[in-house]
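Peer 1: I would like the atomic coordinates for the input below:
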Amino acid sequence: MLTSLRNVGLLVFGIIVAGAGSVLARSSGAAAVVPSDIRAIFNKADYKNATWGLRVQDGPKVLVDVNPARPFLIGSVRKIFSVGQLLNAVGAAHTYDTPVYRAGVLKGGVLRGNLILVASGDLTMGGRTNPDGTIAVSNWDHNEADSLGNAVLTKPDPLAGYRRLARAVKAAGINRVSGEVVIDDRLFKPFYFRNEFNVKPIFVNDDMVDVSIVPGGKVGSRSNLTSRPNSAALAIKNQLLTGPPNSPATVAIDPFLPTCIGSPNCSSALKGKLPSNFVPPLTGQNVLVRAVRIVQPSNYARTVFIEDLRTAGVRVDAPLVEQNPSRLLPAKDSYRTDAKVAQLTGMRYGQDAKFILKISYNIGADTSLVLFGLTHKVDTMSGALQVERQNLAAHYGIASSQYHFIDGSGGGDSTATDIAVTLMLDELAKAPEHKAFFDALPILGVDGSLGFVKNYERDRTLSGATGNVRAKTGTYVGGSKSGMLLKGQALAGYITTKSGRHLTFEVVVNNVPISSIDDITKVFQDEGTIAAMLWRDY
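Peer 2: Numbering: from 1, shown residues only. Below you'll find the predicted structure:
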């Protein structure tokens, strides 16, 4: 999804600064002939100092090839590599299941010992499961609520999985836990996400607390505020006041990354003023959503689990809020089968892939890369990157000289050539799990990060492209001496053309000066229009 200029480069996508000059002057060969309508977009004044790349293939036949070997930073287009490889390694039907074990003697309904939830890397823990078993995804996802300026929350209960586990513990005959409740988060070594916080294999509501605000009310009064999940692990204090009509909106969460979770009375405050006639942006709903990132997920999950255990009728003697007592864990992988008292079946990974790719969920993509590493018995981000390099060369024919990845989601200086991207897409199209991968991609004019890309529909000759382009977006914004730059915007995937051909493509632009998020959306629209032109003309 899009993000604000404040942190788009850190939290969402990644592309490098490309060189200036005319792309057409540096291209040659019949395949580099760019259709005139697309060339007109390349030559817009907005792109005067930008560099474009475009590669279009029909099977092995290359139809358009502009700067194919240039190392563009592709941002979140990188996710097709991490998600695609894990899909092929474990299968779309694979689930990451979360067990709960007892460590101690159970007698007369009393567990004289500890209860241990073993994190599996399940991204959603039942918190995005629709009644039909599919995953709930919003085009305006809460993971980007603060940077986008708003979000639409999904409908399922974000604590549904923890509640099911708690009820299963009760059903197993445990009425009281006299010892501790512990989260075993040792599945992989924590990795540092965008220089902000460590990611572990345990998640609650994507490790976010959502804050929903309904504008209006009397000037000077507290704003109408609700939050979810509600837990003693983190209190949300309402210090947001209603301001006069048309006054500036100054909504801020303090702190955005609370570090006190695991300590009593931990809180985060929503501060500032919101004018009484404020209209929430983007979503068409009269609700403004903000979010607080949980940076101690094991501590938070432990408190949430105890709360749900108590609701289910299980007495827990241990403190509700404290640091996760990991010192009490047994040796890793030493749990006995007969000590298992509950298990949550995870979402099928094909559905997780849809979550990651539709909304460009960074932490999900990074976790997927580490989970892929685990299939090769390595449990670190660096180890997973090394395994990936070997795998891409051996099974996809992509040499390491064609890309440079630093994580699984496209952060920092993650680069790839158009050749590498289209080759990966072609190889994924041949794989047994291609349908799940194809279904997970955003659809032009329909959903995900391409749901709002509709400007091309103003041209009736292009409107039929809606629903026929499935592609991953990637965005990277950063600063320069002359101001803010859209360092890169990329779009890569598949087109079923008007004539019935099945194309693979990537279009990417580097080095576009911008001043607001509106400038970024214009580039989204232009790349969507290019994809629609390819649909019409080939």
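Peer 1: can you give me the strands in the stretch 151-300 of the chain?
Peer 2: Using DSSP state E, counting those that start in this stretch, the strands of the stretch 151-300 of the chain run over residues 176-177, 181-184, 191-193, 197-199, 208-214, 224-228, 235-243, 252-254, 267-275, 288-293.
Peer 1: how close does residue 147 get to residue 256?
Peer 2: Distance, residue 147 to residue 256, by Cβ to Cβ, to the nearest Å: 11 Å. Every residue, glycine included, has its C-beta placed from N, CA and C.
Peer 1: Which one of the two is surrounded by more residues?
Peer 2: residue 147 (20 against 14; other Cβ atoms under 10 Å).
Peer 1: Just the element for that one, please.
Peer 2: Per DSSP states H and E: residue 147 is located in helix 145-148.
Peer 1: which other helices and strands contact that helix?
Peer 2: For helix 145-148, the packing partners by 3 or more Cβ pairs under 8 Å, 6 or more residues apart in numbering; DSSP states H and E come out as strand 288-293.
Peer 1: by how many degrees do the strand it packs on and strand 235-243 diverge?
Peer 2: Counting by axes from the mean of the first three to the mean of the last three Cα atoms, to 10 degrees, strand 288-293 lies at 150 degrees to strand 235-243.
Peer 1: Between strand 267-275 and strand 288-293, find me the angle.
Peer 2: Using the same axes, to 10 degrees: strand 288-293 against strand 267-275 is 160 degrees.
Peer 1: among the strands of the stretch 151-300 of the chain, which is nearest residue 415?
Peer 2: strand 191-193 (19.8 Å; Cβ to Cβ).
Peer 1: what mean pLDDT does the closest one have?
Peer 2: Confidence over strand 191-193 (mean pLDDT, whole number) is 95.
Peer 1: and it, what other elements does it pack with?
Peer 2: Partner elements for strand 191-193 (3+ Cβ pairs under 8 Å, 6+ apart): strand 197-199, helix 362-374.
Peer 1: Comparing the ones you listed, which comes out most buried?
Peer 2: When these are scored by mean count of other Cβ atoms under 10 Å, the highest mean neighbour count falls to helix 362-374 (a mean of 25).
Peer 1: Just the CA atoms of that one, as PDB, please.
Peer 2: The C-alpha trace of helix 362-374 is given here as PDB (Å, rounded to 0.1, in the frame of the first residue of the first chain):
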ATOM      1  CA  ASN A 362       6.300  -6.300   5.200                       C
ATOM      2  CA  ILE A 363       6.700  -8.200   8.400                       C
ATOM      3  CA  GLY A 364       4.800 -11.100   6.800                       C
ATOM      4  CA  ALA A 365       7.200 -11.200   3.900                       C
ATOM      5  CA  ASP A 366      10.300 -11.000   6.100                       C
ATOM      6  CA  THR A 367       8.900 -13.800   8.300                       C
ATOM      7  CA  SER A 368       8.200 -15.800   5.100                       C
ATOM      8  CA  LEU A 369      11.800 -15.600   4.100                       C
ATOM      9  CA  VAL A 370      12.900 -16.800   7.600                       C
ATOM     10  CA  LEU A 371      10.400 -19.600   7.500                       C
ATOM     11  CA  PHE A 372      11.800 -20.500   4.100                       C
ATOM     12  CA  GLY A 373      15.200 -20.600   5.700                       C
ATOM     13  CA  LEU A 374      13.800 -23.100   8.300                       C
END
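Peer 1: That helix: how far from the chain's middle?
Peer 2: With Cα atoms, centre = their mean, to the nearest Å as the basis, helix 362-374 stands 11 Å off its chain's centre.
Peer 1: going on from that helix, what's the next piece of helix or strand?
Peer 2: helix 381-395.
Peer 1: List the neighbouring strands of the very next helix or strand once past that next one plus their orientation.
Peer 2: Downstream of helix 381-395, the next assigned helix or strand under DSSP H and E is strand 403-404. Strands adjacent to strand 403-404 in the sheet, as given by DSSP bridges, are strand 415-416 (antiparallel).
Peer 1: Give me the contact list for the partner strand.
Peer 2: For strand 415-416, contacts defined as Cβ atoms under 8 Å, 6 or more residues apart in numbering pick out 16, 71, 72, 73, 74, 77, 78, 402, 403, 404, 405.
Peer 1: Compare those residues and tell me which has the most neighbours.
Peer 2: residue 74 leads those on contacts (other Cβ under 10 Å) with 36 neighbours.
Peer 1: so it touches residue 474, yeah?
Peer 2: Yes. Assessed by Cβ atoms under 8 Å, residue 74 is found in contact with residue 474 at 5.1 Å.
Peer 1: roughly how far apart are residue 489 and residue 49?
Peer 2: Distance from residue 489 to residue 49, by Cβ to Cβ: 14 Å.
Peer 1: and the residue lying closest to residue 91 once chain neighbours are set aside, what does it touch?
Peer 2: Distances taken as Cβ to Cβ, 6 or more residues apart in numbering put residue 433 closest to residue 91, at 6.3 Å, once the chain neighbours are dropped. When the contact criterion is Cβ under 8 Å, 6+ apart, the partners of residue 433 are 87, 88, 91, 92, 350.
Peer 1: Need the per-residue pLDDT for residue 433.
Peer 2: Residue 433 is given a pLDDT of 97.
Peer 1: Distance check, it against residue 375.
Peer 2: Distance from residue 433 to residue 375, by Cβ to Cβ: 14 Å.
Peer 1: got it, and residue 212?
Peer 2: 39 Å.
Peer 1: Now stretch 85-104 - C-alpha only, CSV.
Peer 2: Extracted C-alpha coordinates of stretch 85-104, given in CSV (Å, rounded to 0.1, in the frame of the first residue of the first chain):
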residue,chain,number,x,y,z
GLN,A,85,9.7,-19.6,-2.8
LEU,A,86,8.0,-20.5,0.5
LEU,A,87,4.8,-21.3,-1.4
ASN,A,88,6.7,-23.8,-3.6
ALA,A,89,8.7,-25.2,-0.6
VAL,A,90,5.8,-25.9,1.8
GLY,A,91,2.7,-25.8,-0.5
ALA,A,92,-0.3,-23.6,-0.4
ALA,A,93,-2.2,-25.9,1.9
HIS,A,94,0.5,-25.9,4.6
THR,A,95,-0.5,-24.5,8.0
TYR,A,96,1.7,-23.2,10.8
ASP,A,97,0.1,-24.7,13.8
THR,A,98,0.5,-23.4,17.3
PRO,A,99,0.5,-25.9,20.2
VAL,A,100,0.2,-25.4,23.9
TYR,A,101,2.0,-27.8,26.3
ARG,A,102,1.9,-28.4,30.0
ALA,A,103,5.2,-28.7,31.9
GLY,A,104,4.2,-30.3,35.2
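Peer 1: Now do that stretch, average pLDDT.
Peer 2: For stretch 85-104, the mean confidence score works out to 98.
Peer 1: before we move on, what about stretch 492-508?
Peer 2: pLDDT averaged over stretch 492-508 gives 98.
Peer 1: tell me which residues of it are tucked away?
Peer 2: Neighbour-count burial for stretch 492-508 flags 492, 493, 494, 495, 497, 498, 503, 504, 505, 506, 507, 508 (criterion: 16 or more other Cβ atoms under 10 Å).
Peer 1: Give me the neighbour count for residue 61.
Peer 2: 10.
Peer 1: so where is the stretch 351-500 of the chain shaky, pLDDT-wise?
Peer 2: 481 (pLDDT under 70).
Peer 1: Please consider this matter closed, and thank you.
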